[in-house]
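1. Predicted model, plus sequence, below.
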Amino acid sequence: MGWILVDSGYGAHFTDVTSRFPERMYRWVTPTCETDSTKAILARAGIEPDEIRHIIITHFHADHVGGLSEFPNAAIYFRGDSLRPLESLTRLRQVRAAFLRGLIPDWLPDQAVVLDETRFERRSDFHFETWDLFSDGSITLVHLPGHAPGQVGLRFDCAGARVLYAADAFWRSCQIKDATEPWRLAMALQWNIAAYRHTVIGLRDLHQRGEYRIIACHDEGVTAFLNELGARR
C-alpha cells in the first residue's frame with residue numbers, strides 16, 4: 001500500500017488563494033509564514049511524493065487541505081458530511097469556518113472516496129463512531145465532531161503503542177489531562193461548541209483509562225511523537 005498521507009498542510013497555493021477578499025481575512029486572523037509545497041516537504045523527509053496513493057482528510061480547514069492539488073493521482077478519503085456543509089456556505093461564512101474553496105482542486109470528485117457517515121459504527125466499549133478504512137484493522141477512522149463538520153481522527157498501532165490521532169479535536173494536552181478549556185474566542189470559532197466539549201470529555205475518559213496514546217495536530221506532544229518515529233526509522 002505504501003505511504004498514506006494524513007491531510008496535506010497549507011501547501012504552496014495558500015498565499016495566492018488568500019490574496020483577495022474575503023479570503024484575505026483568514027491570513028489576517030491566522031498569520032502564516034510562506035509555505036513550501038507539500039511534495040517538497042515530503043521529499044526533504046525522504047519520502048517520494050509519487051508514492052503517495054492514499055490521502056485521508058480529517059477535516060477541510062485550510063491548514064489541512066491546502067496541498068491537495070499537488071496529488072491528483074491519489075485517492076482522497078473523507079466523510080461526506082465534512083465537505084457538504086462547508087460548500088453550502090457563502091464565501092464570507094466559509095472563511096469564518098476556516099474553509100477556503102480555492103484550495104479544493106477541481107478534480108477532487110474524480111479522486112474522492114466519500115465515506116457515508118451513516119455507516120460509521122459505534123461499539124459499546126468505545127466512545128466514538130468508527131470506520132475500519134481498509135477492512136483489515138490497520139487504520140480505523142474515528143468520528144470526532146465539534147471542531148469542524150465531519151472531522152475524523154485515526155486509530156492505529158505504532159511503535160508498540162495504540163495511538164489515537166485526534167486531529168484538531170483538542171489543541172493542547174492540558175484540555176485532556178487537566179480539564180482546561182480554550183479561551184472564549186477560540187471556543188466561539190468551533191463548528192459546534194456542544195459537540196466539541198462532548199468530544200473532549202470522551203477523549204479525557206480514554207486518556208484516564210490509559211488504553212491509547214492520544215495526540216493532536218497542534219499539541220506540543222505530537223513533535224515528540226514524530227521525533228520518536230524518526231529515530232526508529
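-> That came in fine, so what should we check first? Numbering: from 1, shown residues only.

2. Residue 196 contacts residue 144, doesn't it?
-> No: using C-beta atoms under 8 Å, residue 196 makes no contact with residue 144, being 9.2 Å away. For glycine as for every other residue, the C-beta is placed from the backbone atoms N, C-alpha and C.

3. Now the common contact residues for the two.
-> Applying C-beta atoms under 8 Å, 6 or more residues apart in numbering, one finds that residue 196 and residue 144 are jointly contacted by residue 169.

4. what about these two, which has more around it?
-> residue 144 (31 against 24; other C-beta atoms under 10 Å).

5. Please determine how far that one is located from residue 138.
-> 19 Å (C-beta to C-beta, to the nearest Å).

6. ok, now which ones touch the residue nearest the centre of the chain?
-> By C-alpha atoms, centre = their mean, the mean C-alpha position of the chain lies nearest to residue 58, the distance being 3.2 Å. With contact taken as C-beta under 8 Å, 6+ apart, residue 58 is in contact with 6, 7, 64, 151, 152, 153, 154, 167, 168, 217.

7. Check for me that it belongs to a strand.
-> No: if the criterion is DSSP: H, G, I helix; E, B strand; the rest coil, then residue 58 is coil and not within a strand.

8. Identify the residue spatially nearest to it, adjacent ones excluded.
-> residue 167 (3.8 Å; C-beta to C-beta, 6 or more residues apart in numbering).

9. just residue 12 next, same as before
-> Of all residues not flanking residue 12 in the chain, residue 37 sits nearest, at 4.0 Å (C-beta to C-beta, 6+ apart).

10. That neighbour reaches residue 11, doesn't it?
-> Yes: using C-beta under 8 Å, residue 37 is in contact with residue 11, at 6.3 Å.

11. re earlier: now the residue nearest to the centre of the chain: phi and psi?
-> Backbone torsions of residue 58, given as degrees, to the nearest 10, read phi -70, psi -40.

12. again, but for residue 164
-> Residue torsions, per degrees, to the nearest 10, at residue 164 are phi -120, psi 110.

13. same check, this time on residue 112
-> The phi/psi pair for residue 112 (degrees, to the nearest 10) is phi -80, psi 140.

14. Give the full set of residues in contact with it.
-> Neighbours of residue 112 in contact, by C-beta under 8 Å, 6+ apart: 75, 76, 77, 78.

15. I'd like these as CSV, with distance to residue 178 and neighbour count appended.
-> Formatted as CSV, the contacts of residue 112 follow (distance: C-beta to C-beta, whole Å; neighbours: other C-beta atoms under 10 Å):
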residue, distance to residue 178, neighbour count
75, 39, 14
76, 36, 23
77, 33, 23
78, 32, 23
